[in-house]
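K.L.:
Only the shape, not the letters, is given here:
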């Protein structure tokens, strides 16, 4: 299996692309703050899932990268909250994106709790 085949990767990549598209409409004054931050955290989520999967022969690295990914996913939720509070996105978009982010978090957590299903061998350190 390739990391691109992982459901958590696919869904987080798709959300990052949705965020990229919607942030094109944010105010120019937000370019180096909110726009940059939300794009970075949303893109970091699938990137660190990919890193975790590639490092799965090292269980501690697998867990570490997945917890990093979960943290980036949570950070994305914070930036979405700022975006809706600043009225850059609608409440409906906010709810949709946060719902997707929560699902991604559950998928990441599943990977953390079931490492053997992703090729992690506990005897390898």
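P.N.:
In hand now; what should we look at? Just so it is clear, the model here is predicted, and its values are computed rather than measured.

K.L.:
List the contacts of residue 101.
P.N.:
Going by C-beta atoms under 8 Å, 6 or more residues apart in numbering, residue 101 touches 15, 73, 76-77, 80. C-betas here are computed from N, CA, C, even on glycine.

K.L.:
how would you label the residue nearest the centre of the chain: helix, strand or coil?
P.N.:
Ranked by distance to the mean C-alpha position of the chain (C-alpha atoms, centre = their mean), the top residue is residue 45 at 2.9 Å. Assigned state for residue 45: helix (three-state reduction, DSSP: H, G, I helix; E, B strand; the rest coil).

K.L.:
pretty sure residue 79 is touching residue 40, no?
P.N.:
No. Contact between residue 79 and residue 40 fails when scored by C-beta atoms under 8 Å: they sit 9.1 Å apart.

K.L.:
what ranges do the helices span in the chain?
P.N.:
Using DSSP state H, the helices of the chain run over 7-23, 36-54, 59-85, 91-113.

K.L.:
Pull out the buried residues from the longest one.
P.N.:
Meaning helix 59-85. 59, 62-63, 65-66, 68-70, 72-73, 75-77, 79-80, 83-84 (16 or more other C-beta atoms under 10 Å).

K.L.:
that older thread, wait, which of the contacts of residue 101 is closest to residue 118?
P.N.:
residue 73 (17.4 Å; C-beta to C-beta).
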